[in-house]
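Enquirer: What shape does this take:
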Amino acid sequence: MSRFLHKIDRFSKHAPALRTEFEARFADPLQTNSDRFVWDYWHVPGQYTLLRTPAYHYFTEALYADFHESLVMWGRKNLGCWDISPPWMSCYVEGCKQEFHSDVPHGAWAYVFSLSPQKPVYRGGETLILKPETLSYWRHFASAEDREKSSFIETVEAKFNRLTVFDPRLPHAVSEVRGTHDPREGRLVIHGWFTQPKTYLDGYLPEKAVETILNEATGLVSELVAAFEQHPECIGVQGTLAIGLQVSAAGEVTSAKFMTNTLISEDGFEPKDLLKQILKVYRSLRFPKAKGPTWLTIPLIFST
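Expert: Down below sits the predicted model:
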């Protein structure tokens, strides 16, 4: 699994209840209750074919709100994204699919949360993501190696209660579903984008003091990037970083790590030396003393 893709299985304790509520809507196919008439058959010739509905209107308010909050909090802690876009829920039955596309500029990360059956009878329905080395094909080409589908495409099964998070700049698709016309047996996912990059703070440090220190760090990082881009073989970097800092009560950084890293130079390579220098900046920060420790997730967005 690459740094552009994250899979979290058994993500939500709310998944069984969400799944149960979905199945209850279709328990009797002869029912004509109004809550069955919420689906949009979205068909764009040559691109998209699926059933979709706003997820936040579909489920019982309290149940959905608890799930939504847990997803938002995961994004804050792990990605440094403060919110998510209004989520869609999509159902894929016989013939439904998505062709390759990219989602820029909807959000820093795309997500797909699966409520598909635990023992699916359908075939297909995988999320397909072009590998970064495919997009820089000739730089990574090796004539002696086999070149089949798995060499070019990351395939992610829509397993029940799996959260898949990936860089939406990468072209991606959903393989065609075959084998069922029954919505209860189809691929069912809640999906959208993590948005609003903003520092997440959990602990005792005051936000104002943290903001001042992080603004200074951002200035140092900007200087590092400017110097990096002066290199004659470099024409810029783009992508996102989320840096996790553990700060002690004494104000010392006891742990600094990349929570996520999609930074890439425009020649198609990861700028490893630049990344080391950026992490060094954050490891060297000193914060005011506080009554206890603090965790920070700091997002950095690079564009050219």
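Enquirer: Flag the shaky bits of the stretch 151-300 of the chain, pLDDT-wise.
Expert: Applying pLDDT under 70 to the stretch 151-300 of the chain flags the ranges 232-235, 268.
Enquirer: now the helices for it?
Expert: 207-229, 272-283 (DSSP state H, counting those that start in this stretch).
Enquirer: Same list, those, but as TSV with mean neighbour count please.
Expert: Glycine gets a C-beta too; all of them are placed from N, C-alpha and C. Shown next, in TSV, are the helices of the stretch 151-300 of the chain (neighbours: other C-beta atoms under 10 Å):
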stretch	mean neighbour count
helix 207-229	14
helix 272-283	16
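Enquirer: Only the C-alpha atoms, please, for the particular helix or strand that has Ile301 in it, written as PDB.
Expert: Assessed by DSSP states H and E, Ile301 sits inside strand 294-302. C-alpha atoms of strand 294-302 as PDB (Å, rounded to 0.1, in the frame of the first residue of the first chain):
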ATOM      1  CA  THR A 294      -0.500  18.200  23.800                       C
ATOM      2  CA  TRP A 295      -1.000  16.500  20.400                       C
ATOM      3  CA  LEU A 296      -0.900  18.500  17.200                       C
ATOM      4  CA  THR A 297      -1.700  17.400  13.700                       C
ATOM      5  CA  ILE A 298      -0.500  20.100  11.300                       C
ATOM      6  CA  PRO A 299      -1.500  20.100   7.600                       C
ATOM      7  CA  LEU A 300       0.700  21.600   4.900                       C
ATOM      8  CA  ILE A 301      -0.500  22.100   1.400                       C
ATOM      9  CA  PHE A 302       1.900  22.500  -1.500                       C
END
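Enquirer: Run through who's touching that strand.
Expert: Applying C-beta atoms under 8 Å, 6 or more residues apart in numbering, the contact partners of strand 294-302 are 76-81, 108, 197-205, 210, 214, 218, 221, 225, 237-247, 259, 263, 278, 282, 287.
Enquirer: Selection in PyMOL covering whichever of these are buried, please.
Expert: In PyMOL syntax, the buried subset of those is picked out as below (16 or more other C-beta atoms under 10 Å):
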select buried, resi 76+77+78+79+80+81+108+197+199+200+201+205+210+214+221+225+237+239+240+241+242+243+244+245+247+259+263+278+282+287
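Enquirer: So which of the contacts of strand 294-302 are in strands?
Expert: Judged by DSSP state E, the contacts of strand 294-302 include 81, 197, 200-203, 237-247, 259 as members of strands.
Enquirer: returning to what we had before: let's have the helices of the stretch 151-300 of the chain in TSV, adding distance to His172.
Expert: TSV is the format used below for those (distance: least, C-beta to C-beta, whole Å):
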stretch	distance to His172
helix 207-229	28
helix 272-283	25
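Enquirer: how about these, which one is nearest Gly186?
Expert: Ranking these by proximity to Gly186 (C-beta to C-beta) places helix 272-283 first, at 41.4 Å.
Enquirer: which other helices and strands contact the closest one?
Expert: Packing partners of helix 272-283 (3 or more C-beta pairs under 8 Å, 6 or more residues apart in numbering; DSSP states H and E): helix 207-229, strand 237-247, strand 253-261.
Enquirer: So which of the ones you listed is nearest Ser136?
Expert: Among these, strand 237-247 comes nearest to Ser136, with 13.8 Å by C-beta to C-beta.
Enquirer: Sheet partners, orientation included, of that closest one?
Expert: If you go by DSSP bridges, strand 237-247 pairs up with strand 253-261 (antiparallel), strand 264-265 (antiparallel), strand 294-302 (antiparallel).
Enquirer: Now do the shortest one: distance to the chain's middle.
Expert: The reference is to strand 264-265. Here the centre of strand 264-265 is set off from its chain's centre by 19 Å, with C-alpha atoms, centre = their mean, to the nearest Å.
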